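Visitor: here are the coordinates; sequence isn't available:
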């Protein structure tokens, strides 16, 4: 968190973060591609600052300015589809519903449980701009050279003026979302100030001491969730977030992470994926100094991190292999093989060899089906077709020839 401090909103953002100043992003953000995945670039005038842009075809885009990390990197997203709008320490919005921060794994889907926030209300820019005190003439639109990273937070009255200036600035842009669709934050009963809890109550919910929780948080251990607010220099969380963290800690290790001794053997193709991913993940976890510093305090050796990388590689290979549309691929192979009496071609051999590596039973059924239909259609003896196809499938596909550690 500290390595990637959020400093400002870009002037072209559709969803401004409250309390942060607005910075002109004209020369930087338009050069970035627009995609569903976040994109980022260093500011040409301030290489210590990073622009982070996330565009959604329906929800608009978020433009944020971060302080670069020690490796000049930006925030690293584990999620395959990070939300466009996230507020209050990880509460996120999908365009219609607010959800609590993702903490509890849903083993049936491989993702996190999605917990809607009861009685949540979206607060938009239009709600703020309806305040008669908002005065665009008193608002500020900074340049990156004006931005003081140590004094980026703006008090509420000034931010209201800044928001009015932002709204006036974007009024000339036809594609800009109207203020009533620009999300600023949310309100919910569980996020009310008098219902947030501090370190002592959070620790009690998790069954640990306050000092242990502070140690976890300061060292970046234990996946302690972001606080929902900081009030008088005190970290404050919503009770549901604290209880979810405690629930995760109470889950037996086997439910959170499969024991290596209990793993079934992977299919050959999935095993090849695992072998190829292990060194990649080890490099990602160990060789990146900033990423390693986030979690590796209890795993100080490369060998220990290698074990974690192997675990991750197994999980990834198992999940990827489970998504393989083997039957659909088999049907395509049958159709391709029967397109000519020869029933073989180099591309077909390669795909059939790949299917043999990843789903041997489906591949065997596919070969038998081709042989049966070739006999009926072309009069080719079934044994001859079986022999020819099995010879072709006996060579590994190109992807399977890659050596791995």
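Guide: Ah, there it is. Predicted model only: the values in this text are computed from it and were never measured. Numbering: from 1, shown residues only.

Visitor: what about residue 66, which SS state?
Guide: The three-state assignment at residue 66 reads strand, by DSSP: H, G, I helix; E, B strand; the rest coil.

Visitor: same thing with residue 41?
Guide: For residue 41, the assignment made with three-state DSSP gives strand.

Visitor: what's the neighbour count on it?
Guide: Residues near residue 41, counting by other C-beta atoms under 10 Å, number 14. Placement of C-beta: from N, CA and C, glycine included.

Visitor: what ranges do the strands span in the protein?
Guide: Along the chain, counting by DSSP state E, strands occupy 6-10, 22-23, 39-42, 49-56, 60-67, 85-87, 91-93, 98-99, 105-106, 111-112, 121-124, 183-187, 229-231, 234-236.

Visitor: winner for burial among the ones you listed?
Guide: Of all these, strand 22-23 carries the top mean neighbour count, a mean of 26, counting by mean count of other C-beta atoms under 10 Å.

Visitor: helices or strands next to it in the packing?
Guide: strand 6-10, helix 156-170 (3 or more C-beta pairs under 8 Å, 6 or more residues apart in numbering; DSSP states H and E).

Visitor: residues making contact with that strand?
Guide: With contacts defined as C-beta atoms under 8 Å, 6 or more residues apart in numbering, strand 22-23 is touched by 8-11, 16, 65, 139-144, 146-147, 162, 165-166, 169.

Visitor: out of these, which are buried?
Guide: Neighbour counting with 16 or more other C-beta atoms under 10 Å marks 8-11, 16, 65, 139, 141-142, 144, 147, 162, 165-166, 169 as buried within the contacts of strand 22-23.

Visitor: from these, which single one is nearest residue 326?
Guide: Of all these, residue 10 has the smallest distance to residue 326: 45.3 Å, by C-beta to C-beta.

Visitor: how about low-confidence regions in the stretch 101-250 of the chain?
Guide: Under the criterion pLDDT under 70, the flagged ranges of the stretch 101-250 of the chain are 106-111, 151-152, 220-221.

Visitor: related to what we said a few turns ago, closest one to residue 313 among the strands of the chain?
Guide: For the strands of the chain, proximity to residue 313 was assessed by C-beta to C-beta; strand 105-106 is nearest, at 17.9 Å.

Visitor: average model confidence for stretch 364-375?
Guide: Average pLDDT, stretch 364-375: 85.

Visitor: report the buried residues of it.
Guide: In stretch 364-375, counting by 16+ other C-beta under 10 Å, buried: 366-367, 369-371, 373-374.

Visitor: make CSV from those residues and add distance to residue 380 to it.
Guide: Output for those, formatted as CSV (distance: C-beta to C-beta, whole Å):
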residue, distance to residue 380
366, 16
367, 13
369, 14
370, 10
371, 8
373, 10
374, 5
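
Visitor: out of those residues, which are inside helices?
Guide: If you go by DSSP state H, the buried residues of stretch 364-375 have 366-367, 369-371, 373-374 in helices.

Visitor: of these, closest to residue 217?
Guide: Closest approach to residue 217 among those (C-beta to C-beta): residue 366, at 54.2 Å.

Visitor: how about low-confidence regions in the stretch 301-405 of the chain?
Guide: Along the stretch 301-405 of the chain, segments meeting pLDDT under 70 span 301, 304-305, 315, 317-324, 391-405.

Visitor: all helices of the chain, in order?
Guide: Using DSSP H, the helices found in the chain span residues 26-29, 125-129, 156-170, 199-206, 210-219, 239-250, 253-256, 268-282, 289-295, 302-322, 326-337, 346-358, 360-378, 382-393.

Visitor: burial measure for residue 193, as a count.
Guide: 9.

Visitor: give the contact list for it.
Guide: Applying C-beta under 8 Å, 6+ apart to residue 193 gives the contacts 229, 231, 236.

Visitor: possible to save those residues as TSV with distance to residue 276?
Guide: Shown next, in TSV, are those (distance: C-beta to C-beta, whole Å):
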residue	distance to residue 276
229	44
231	48
236	44
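
Visitor: tell me the pLDDT of residue 263.
Guide: 58.

Visitor: if we can go back for a sec, do you know which of the strands of the chain lies nearest residue 309?
Guide: strand 105-106 (19.1 Å).

Visitor: before we move on, back to that, among the buried ones among the contacts of strand 22-23, which one lies nearest to residue 195?
Guide: In terms of C-beta to C-beta, no member of the buried ones among the contacts of strand 22-23 lies closer to residue 195 than residue 16, at 25.5 Å.

Visitor: dump the residue contacts of the residue nearest to that closest one when sequence neighbours are not counted.
Guide: Nearest residue to residue 16, sequence neighbours excluded (C-beta to C-beta, 6 or more residues apart in numbering): residue 9, at 4.6 Å. Shown in contact with residue 9 (C-beta under 8 Å, 6+ apart): 16-17, 20-23, 63-65, 166.

Visitor: could you dump the helices and strands packed on strand 22-23 to a markdown table with distance to residue 131?
Guide: Listed next are the helices and strands packed on strand 22-23 as a markdown table, based on distance: least, C-beta to C-beta, whole Å:
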| stretch | distance to residue 131 |
| --- | --- |
| strand 6-10 | 18 |
| helix 156-170 | 6 |
